[in-house]
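S.K.: no sequence for this one, just the structure:
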């Protein structure tokens, strides 16, 4: 009877969150994340759920309180920490560049986590009615996806403002995720109410942030493209050193030798050319057109850019940051082009 209930109830309880994830991916007009990447992130969420079960079991064995207080005070910290691991890697390595793709990545990880948790609940509590299982399963799935999405969006927004801000920028999003997770667990004594609140609050927040991020992406494409074109025009016309940016670069001559300054100028030119190509890729995706494969000259430019970065060094790159406008988006777009 338990296996029969699992087979019949699981699709109903798990389908809504998979549909919502599909809607998020479908709604990404720029196709910032490939379907293969999304599926891999769902798989990492599944692995995180398995690790969470082991860690939580070991921790609960030494916990002085009861299960209810453990689920309120300890479980959210463990589960959100494990869900955040892959997300932190994506943000820190610039594999996501906007709250939109970070949010989709977060929801995919949360979806994988929720699939395992819901299957475990359905298998261990077959006596619970179908209505309660579906309501609880739907609420849990949206909660896990939603909290990781909010963590991702807050962290991505902060990293965009301070690309080198370090680990402390992850803390506000993580605390928000833990707080929302804790609130959901407390409300689980009334599954229908917990699901309703989670659905309304989390999805409203996610929708508003997604809309804002889409507008930000469009504005960034427009304004940043203009600035990159102007920079390349001054370099190619030989008037760069007479511009404000050129005078700033000349002011570094007391810190860097002549060869380093030449490398910096070459890097600025290459960075501008590659950034414009990356923006072209995004515009093609938005219009639904097929993106051509990366050609050999562009591969050579990416390799040359990497070599120049090594030659200039971390200190030199830090000095160039004001000229490159190297926000999180600017660094991410080169990762996008390299794909």
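M.R.: Happy to help now that I have it. Owing to the predicted nature of the structure, the values given are computational and were not obtained by experimental measurement.

S.K.: Now the element after the helix or strand hosting residue 278, going C-ward?
M.R.: Here residue 278 sits within helix 258-286, counting by DSSP states H and E. Counting by DSSP H and E, the next helix or strand C-terminal to helix 258-286 is helix 296-324.

S.K.: Now that next one: buried residues?
M.R.: Within helix 296-324, the residues scored as buried using 16 or more other Cβ atoms under 10 Å are 298, 301-302, 305, 308-309, 312, 316-317, 319-320, 323-324. C-beta here means a position set from N, CA and C on the backbone, and glycine is covered the same way.

S.K.: I'd guessed residue 83 sits against residue 143; true?
M.R.: No - using Cβ atoms under 8 Å, residue 83 makes no contact with residue 143, being 11.3 Å away.

S.K.: What is the burial count for the closest residue to residue 109 other than its chain neighbours?
M.R.: In this structure, residue 109 finds its nearest non-sequential neighbour in residue 45, 4.1 Å apart by Cβ to Cβ, 6 or more residues apart in numbering. Applying other Cβ atoms under 10 Å, we find 28 other residues in the vicinity of residue 45.

S.K.: Use 610 as the first number from now on
M.R.: That works, and once the first residue is 610, the last one we named lands at residue 654.

S.K.: I'd say residue 654 and residue 714 touch.
M.R.: No - when contacts are counted by Cβ under 8 Å, residue 654 is not listed as touching residue 714 (10.2 Å).

S.K.: can you list the weak-confidence ranges in the stretch 660-809 of the chain?
M.R.: 735-743, 772-774, 798 (pLDDT under 70).

S.K.: chain center to the helix holding residue 887: distance?
M.R.: From the chain centre to the centre of helix 867-895 is a distance of 23 Å (Cα atoms, centre = their mean, to the nearest Å).

S.K.: next one: phi and psi at residue 683?
M.R.: Dihedral pair for residue 683: phi -120, psi -50, per degrees, to the nearest 10.

S.K.: swap that for residue 753, please
M.R.: Residue torsions, per degrees, to the nearest 10, at residue 753 are phi -60, psi -40.

S.K.: same thing with residue 848?
M.R.: Backbone geometry at residue 848, expressed as degrees, to the nearest 10, gives phi -100, psi 10.

S.K.: which residue ends up closest to the midpoint of the chain in space?
M.R.: residue 711 (2.0 Å; Cα atoms, centre = their mean).

S.K.: Next, the contact list for it, please.
M.R.: 696, 699, 700, 705, 761, 762, 764, 765 (Cβ atoms under 8 Å, 6 or more residues apart in numbering).

S.K.: Show me which pair in the residues you listed is furthest apart.
M.R.: Pairwise distances across the contacts of residue 711 peak at 12.7 Å for 699 and 762 (criterion: Cβ to Cβ).

S.K.: May I have the distance across stretch 844-851, first residue to last?
M.R.: 10 Å (Cα to Cα, to the nearest Å).

S.K.: buried sites along it?
M.R.: For stretch 844-851, burial by neighbour count (16+ other Cβ under 10 Å) applies to 844, 849.

S.K.: what's it in contact with?
M.R.: Contact with stretch 844-851 is made by 840, 843, 855, 856, 858, 859, 874, 877, 878, 881, as judged by Cβ under 8 Å, 6+ apart.

S.K.: now with 7 Å?
M.R.: 843, 855, 859, 877, 878 (Cβ atoms under 7 Å, 6 or more residues apart in numbering).

S.K.: That's all I had, so thanks and see you.
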